[in-house]
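*Asks:* Would you be able to build a 3D model of this:
(one chain, ligands or ions: 3)
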Amino acid sequence: MDYTPKPEDNFTFGLWTVGNIGRDPFGEPVRSPLSPVELVHLLGEAGAYGVNLHDNDLVPIDATPSDHERIVQDFKRALQETGLCVPMATTNLFTDPAFRDGAFTANDARVRAYALQKTMRAIDLGVELGAEVYVFWGGREGVETDAAKDPVESLKRFREALNFLCSYVKDQGYNLKFALEPKPNEPRGDIYLATVGAMLGFIATLDHPEMVGLNPEAAHEHMSGLNFVHAVAQAWEAGKLFHIDLNDQAFGRYDQDFRFGSVNLKSAFFLVKFLEEVAYAGSRHFDAHAYRTEDYNGVREFARGCMRTYLILKEKARRWREDPEIQALVQEIAADDGSAPVWNGGYTATKATTLKDHAFDRKALGARGMPYERLDQLTVELLLGAR
Ligand code: GCO
Ligand code: MN
Ligand code: MN
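*Replies:* Ligands and ions are numbered 1, 2, ... in the order given. The predicted model follows:
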């Protein structure tokens, strides 16, 4: 099999992912920074389709207008040379000390206003570069102590900011959708709207819910011990899977951001199978970084590995669907003796009456075993290359 990435695979990386220099809370950087132009070339060579960015991944926060102009022009040239595009952009609302207490939920009203200004400018930049999805990751929108902020007030502030920014995008006539990215903690002790389900509930309360969807991340749901495939499925079913951040993470550990598929292979398999079967058409964005042990050769290996594992799992999903023994089990599981369909579907008063009167053979229902052990073992053997 040829696992070479192609543009139609929609594989993207953030400038901050391959550009990660390996700083952690215990140690200094281990890799010298590459410029955005160099990073675009690295990604082009690795076979990525697109590159995403925070405003300050490209333009430093204190750049002069002429610096800004030059940096953006150089970057656009690199995009042209490599054929890469910028499908998604976002704002850095977490690095600068001004955001120590959050951005849209900060207690200081001046910080909240500054966060709106910075985001409008970053939206302009993203749209100029061609982005059609704009991500909101509220990394510092939280607390270490609930003495600091009223959680209801924080939700109101976050809602007000998103409503403001939706209206801004509409006023400008931009073709841009928002994708909210939940995370339970890190860098704050607790971050508001911690899971995909929480975000979905929140989106329904916005002025323009149709403009706003989800950017679920594997590591973030796994940090909470949740099933990522289920979270993605719920976002998809709600028509809200606007973007996805792929990486990996051992349950119960710190925020690891490992290479896609490097820890929970089986859950990565079911995720890829899901995305391919529903024909999710958005970016497959790898929000991860190379181990701190690596030099830039290792970073290239990391980027290729993310894409290669995705493509291998996609091929495994195809084989799963075409495996006669697996499919026979799938059919057996869904087998129907035809005695119940009269009650399926929506409610009618007649259905309710006849169903209430029906005599079920409860013992027979309870006696039926399900062949899930066999099905799972066949799945594992397929993944291990034994079938
Ligand atoms: C994290 C987040 C970020 C965001 C990024 C884009 O855990 O740090 O996943 O990487 O995805 O800021 O919004
Ligand atoms: Mn993350
Ligand atoms: Mn992310």
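*Asks:* Going by C-alpha atoms from here, please, whenever you check contacts or count neighbours.
*Replies:* Will do.
*Asks:* just so I have it, where are all the strands in the stretch 251-387 of the chain?
*Replies:* Secondary structure of the stretch 251-387 of the chain by DSSP state E, counting those that start in this stretch: the strands cover 284-286.
*Asks:* Please report phi then psi for Asp255.
*Replies:* Dihedral pair for Asp255: phi -70, psi 100, per degrees, to the nearest 10.
*Asks:* burial measure for the closest residue to ligand 1 within the stretch 251-387 of the chain, as a count.
*Replies:* At 5.8 Å from ligand 1, Asp287 is the closest residue in the stretch 251-387 of the chain, using C-alpha to the nearest ligand atom. Asp287 has 26 neighbouring residues, counting by other C-alpha atoms under 10 Å.
*Asks:* again, but for Ala106
*Replies:* By other C-alpha under 10 Å, the residues close to Ala106 number 25.
*Asks:* Now the residue nearest to it when sequence neighbours are not counted: which helix or strand?
*Replies:* Spatially, and ignoring its direct neighbours in sequence, Ala106 is nearest to Arg112 (6.0 Å; C-alpha to C-alpha, 6 or more residues apart in numbering). For Arg112, the enclosing helix or strand under DSSP states H and E is helix 109-128.
*Asks:* What residues does whichever residue of the stretch 101-250 of the chain sits closest to ligand 1 make contact with?
*Replies:* When scored by C-alpha to the nearest ligand atom, the stretch 101-250 of the chain has Trp137 as its residue closest to ligand 1, at 4.5 Å. By C-alpha atoms under 8 Å, 6 or more residues apart in numbering, the contact set of Trp137 is Leu180, Glu181, Pro182, Lys183.
*Asks:* quick one, phi/psi of the second one?
*Replies:* In terms of degrees, to the nearest 10, the main-chain angles of Glu181 are phi -110, psi 100.
*Asks:* How about the contacts made by it?
*Replies:* So Glu181 contacts Val135, Phe136, Trp137, Gly138, Val196, Leu214, Asn215, Pro216, Glu217 (C-alpha under 8 Å, 6+ apart).
*Asks:* again, only this time at 10 Å
*Replies:* Glu181 is in contact with 135-139, 193-196, 199, 213-217, 220, 243-245, counting by C-alpha atoms under 10 Å, 6 or more residues apart in numbering.
*Asks:* ditto for the last one
*Replies:* Residues in contact with Lys183 (C-alpha under 10 Å, 6+ apart) are 137-139, 190-196, 216-224.
*Asks:* pretty sure Thr95 contacts Asp101?
*Replies:* No. Counting by C-alpha atoms under 10 Å, Thr95 stays clear of Asp101, with 11.2 Å between them.
*Asks:* who has more neighbours, those two?
*Replies:* The residue with more neighbours, out of Thr95 and Asp101, is Asp101; 21 against 11, by other C-alpha under 10 Å.
*Asks:* Which parts of the stretch 251-387 of the chain are helices?
*Replies:* With DSSP state H, counting those that start in this stretch as the criterion, the stretch 251-387 of the chain has helices at 265-277, 296-322, 324-334, 349-357, 362-367, 372-383.
*Asks:* ok so, going back, with respect to Arg31, which of the contacts of Trp137 is nearest?
*Replies:* Distance ranking of the contacts of Trp137 against Arg31, using C-alpha to C-alpha, places Lys183 first at 27.0 Å.
*Asks:* what's the domain layout of the chain?
*Replies:* 7-321, 323-383 (automatic domain parsing).
*Asks:* Tell me which of the ones you listed sits most buried.
*Replies:* With neighbours defined as mean count of other C-alpha atoms under 10 Å, the domains of the chain peak in mean count at domain 7-321, which reaches a mean of 19.
*Asks:* who in this structure is up against ligand 1?
*Replies:* Contact residues (C-alpha under 6 Å from any ligand atom) of the chain with ligand 1: Thr90, Val135, Phe136, Trp137, Asp287.
*Asks:* which two in the residues you listed are spaced the farthest apart?
*Replies:* Phe136 and Asp287 (13.9 Å).
*Asks:* Wait, Leu42 touches Ala48, no?
*Replies:* Yes. Between Leu42 and Ala48 there is a contact under C-alpha under 10 Å: 9.1 Å.
*Asks:* Could you check the pLDDT of the closest residue to Leu79 other than its chain neighbours?
*Replies:* Using C-alpha to C-alpha, 6+ apart and skipping residues adjacent in sequence, the residue nearest Leu79 is Cys85, 6.4 Å away. pLDDT for Cys85: 98.
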